[in-house]
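Chemist: Have a look at this prediction, sequence included:
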Amino acid sequence: MCTVVIDVEGPGSARLLAVRDEDPEREWDALGEWWPEEHPGVSGIRDRRAGGAWLALDPAERRLAVLLNRADVRDLRADAVRSRGSLALESVAGRSPDGPLAMHGFNLLEVRPEGARVLSWDGVALRETPVPAGTHMIAHDDLDDEETPRIAAWLPEFRALGPAAQSPGWAAEWTALLADSARLSPEDDRAIIRDNRPHGYPTQSLLFCTAEVSPSGVEVEYHALPAPAHWTA
């Protein structure tokens, strides 16, 4: 149940904040070039178990992708399900998913020179949602979904900060707002820094990244939380 806030200035120019929720027992590696043979020049946050990436970027191609889980609308046989970990890596290599897919549901946020979009798979259909100019938010459902409590609570606050491209300190401003949101209990369904166990999932917020995609490349800052679902200044 990850969360992404993105501000799109125009094609090939966007800034974003991505919070990763995962089972703390599932080990990962911090941002780095973990796939030098298969994906030279690509950096990402690697899942050690499956070898894929939650977030990946190719600075030379000005591409970035973030993977968020989404509920399935039909049951899939456990022995037939493929890992979603390849999606972000393939995306920054220029190979977006094409349905049908033997995977659990996902939202794949892609930021490329031609624009930003979300590819959503629910186990039956693959949909594309362009991300227009302005500030938007996505979690486990649709873009800017007002039925998602954290989006209803915090998207207006991020929008009130104004266009990120007009503020040299946008990343610090967004991180400060993320800190404000962490005053909520991580078990509160409005929380961005989350403990999803009361909602039936073993995942907790583990890290966040800020990223900027521009005509000059892609820059990402990685920040691990001191403990799962726990924020400190």
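Modeler: Everything's here; your move. Numbering: from 1, shown residues only.
Chemist: Please report the distance of the spatially closest residue to Asp7 that is not a sequence neighbour from Ala116.
Modeler: Using CB to CB, 6 or more residues apart in numbering and skipping residues adjacent in sequence, the residue nearest Asp7 is Ala164, 4.0 Å away. Glycine gets a C-beta too; all of them are placed from N, C-alpha and C. Using CB to CB, to the nearest Å, one gets 13 Å for the distance from Ala164 to Ala116.
Chemist: now Ala160
Modeler: 21 Å.
Chemist: Which one's more surrounded, the two?
Modeler: Between Ala160 and Ala116, counting by other CB atoms under 10 Å, Ala116 is the more crowded of the two (25 against 9).
Chemist: Quick one: neighbours of the closest residue to Ala125 other than its chain neighbours, just the number.
Modeler: With CB to CB, 6+ apart as the criterion, Ala125 has its nearest non-adjacent residue at 6.8 Å, and that residue is Gly99. The tally of other residues near Gly99 (other CB under 10 Å) stands at 13.
Chemist: Which pLDDT value goes with Gly99?
Modeler: We have a pLDDT of 78 for Gly99.
Chemist: Now do the contacts for it.
Modeler: With contacts defined as CB atoms under 8 Å, 6 or more residues apart in numbering, the neighbours of Gly99 are Trp121, Ala125, Leu126.
Chemist: do the same with Ala211
Modeler: Arg15, Leu16, Leu17, Ala18, Leu55, Leu57, Leu64, Val218, Glu219, Val220, Glu221.
Chemist: Going by secondary structure, the one residue sitting closest to the centre of the chain is in what exactly?
Modeler: In the chain, the residue lying closest to the centroid (CA atoms, centre = their mean) is Val66, at 4.0 Å. Assigned by DSSP states H and E, Val66 belongs to strand 63-69.
Chemist: Tell me the first helix or strand C-terminal of that strand.
Modeler: In N-to-C order, the element after strand 63-69 by DSSP H and E is helix 86-92.
Chemist: Can you get me a residue count around the closest residue to His223 other than its chain neighbours?
Modeler: Here the nearest residue to His223 in space, its sequence neighbours aside, is Phe208; by CB to CB, 6+ apart that works out to 5.4 Å. Under the neighbour criterion other CB under 10 Å, Phe208 is assigned a count of 23.
Chemist: now the chain, which segments are flagged as low pLDDT?
Modeler: Applying pLDDT under 70 to the chain flags residues 76-80.
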